[in-house]
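Fold the following.
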Amino acid sequence: MCKMSMDSDSVCNIGGNTRASVMVVGKMPNSKLFQGEIEQYLADAGLDLNNIYFSAAIKCRNYERSPSNTDLKACRSYLDAEIEIVKPKWSLALGNEALYSLTGHSGIMKYRGKPITRGRSTIIPT
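Numbering: from 1, shown residues only. Presented below is the predicted three-dimensional model:
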């Protein structure tokens, strides 16, 4: 178990529309307020929210701790399982933790906006 699960208000969150062609991966599960804001931005950009699977690099929401690469690696098997089930055509990596978990790359500013192909999926770092 990673240190992120200690004192977490939610542990190992997994779920969403498994038929989606778009996967949005953030740092950790979002608060309801932040999730609503992300959904509004995506809807304003013309995306169908019913065609989006929301996930996170870290499966536990914990605002008291910052995830290390070890924590990201501990949660990677959960993200890999989700990717295998959903098989997204596109993935949006929100931040460095998501970029690292999806690609193994670090440095979100270096990769921001540059598509990265992994298998049959294209990852857009932002």
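
all contacts plus neighbour counts: C-alpha atoms, from now on.
Will do.

Can you point out the buried residues in the helix or strand hosting Phe34?
Phe34 is located in helix 32-44, with elements delineated by DSSP states H and E. Neighbour-count burial for helix 32-44, counted by 16 or more other C-alpha atoms under 10 Å, picks out Glu39.

and the gap between the closest residue to Gly107 other than its chain neighbours and Asp44?
With C-alpha to C-alpha, 6 or more residues apart in numbering as the criterion, Gly107 has its nearest non-adjacent residue at 6.3 Å, and that residue is Asn96. Here the criterion is C-alpha to C-alpha, to the nearest Å. By it, Asn96 lies 24 Å from Asp44.

mind checking the backbone torsions on Met23?
phi -120, psi 130 (degrees, to the nearest 10).

In terms of pLDDT, where does the residue nearest in space to the middle of the chain sit?
Centroid check for the chain by C-alpha atoms, centre = their mean gives Val25 as the closest residue, at 1.6 Å. Listed pLDDT for Val25 reads 96.

That one reaches Ile52, doesn't it?
No: using C-alpha atoms under 8 Å, Val25 makes no contact with Ile52, being 10.4 Å away.

which SSE is Val25 in?
strand 22-26.

Give me the sheet partners of that strand and which way each runs.
Applying DSSP bridges, strand 22-26 is found paired with strand 52-56 (parallel), strand 90-93 (parallel).

For these, give me a markdown table that also has distance to Ile108 and mean pLDDT.
Putting the strands paired with strand 22-26 into a markdown table (distance: least, C-alpha to C-alpha, whole Å; pLDDT from 0 to 100) gives the following:
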| stretch | distance to Ile108 | mean pLDDT |
| --- | --- | --- |
| strand 52-56 | 16 | 94 |
| strand 90-93 | 9 | 97 |
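
Mind putting those strands into CSV with distance to Pro67 and mean neighbour count?
Formatted as CSV, the strands paired with strand 22-26 follow (distance: least, C-alpha to C-alpha, whole Å; neighbours: other C-alpha atoms under 10 Å):
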stretch, distance to Pro67, mean neighbour count
strand 52-56, 12, 24
strand 90-93, 16, 24
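
That's all I had, so thanks and see you.
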